[in-house]
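> got a structure for you, letters missing:
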């Protein structure tokens, strides 16, 4: 089992301290993931900026959740699945959607299913998508911008998912109620 240091504001490199202070202001706590990412001010800043940019993308709260959780579940991230379940609840996303994502079940609408499918195609095929797959995504009501927004989310989630795998980041207390392990 690997671990990485979980920094506090006091122990973090100087460049990470103001970013961690921002995390505390935003979340009312210092998430363990941010404490781990603080070991590199650049990756912490990149993660925070990518998160902000993705939340400002073309997707609504349900769609943000579908993309985030599709990637988290596919990557088997023990930390991000519970964290994004809590985030989805705070955004008033239907719990049926979050439970379906956590359990790799079908989405409640064809449009959300098309979003889930495209996200998984991009992740599993490392960006290799056929014209037929794109056409099906577009036919569901999405456009090129949403393909690019999925890639934006994937950039964010690679940072967090991979860091959590390497660091074995402990799930924060507020997220423990949503603990998750990937079905085999």
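Arrived safely, thanks for sending. These figures come from a predicted structure and were not determined experimentally.

> contacts, neighbours, all on C-alpha from now
Noted.

> Quick check: the gap between the closest residue to residue 176 other than its chain neighbours and residue 157.
Take residue 176 and drop its neighbours on the chain: the residue closest to it by CA to CA, 6 or more residues apart in numbering is residue 82, 7.0 Å away. Relative to residue 157, residue 82 is positioned 14 Å away (CA to CA, to the nearest Å).

> Residue 146 too?
Taking CA to CA as the measure, residue 146 falls 16 Å from residue 157.

> Between those two, tell me which one has more neighbours.
Here residue 146 and residue 157 are set side by side on neighbour count (other CA atoms under 10 Å), and the busier one is residue 157, at 23 against 19.

> contacting residues for the more buried one?
By CA atoms under 8 Å, 6 or more residues apart in numbering, the contact set of residue 157 is 68, 71-72.

> Repeat that for residue 102.
Residues near residue 102 by CA under 8 Å, 6+ apart: 69, 73, 81, 180.

> TSV please, covering those and showing distance to residue 117, neighbour count and secondary structure.
Putting the contacts of residue 102 into TSV (distance: CA to CA, whole Å; neighbours: other CA atoms under 10 Å; DSSP: H, G, I helix; E, B strand; the rest coil) gives the following:
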residue	distance to residue 117	neighbour count	secondary structure
69	12	29	helix
73	13	22	helix
81	18	29	helix
180	21	21	coil
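
> how close does the closest residue to residue 104 other than its chain neighbours sit to residue 157?
The shortest distance from residue 104 to any non-neighbouring residue, by CA to CA, 6+ apart, is to residue 73 (7.8 Å). Look at residue 73 and residue 157: by CA to CA, they are 11 Å apart.
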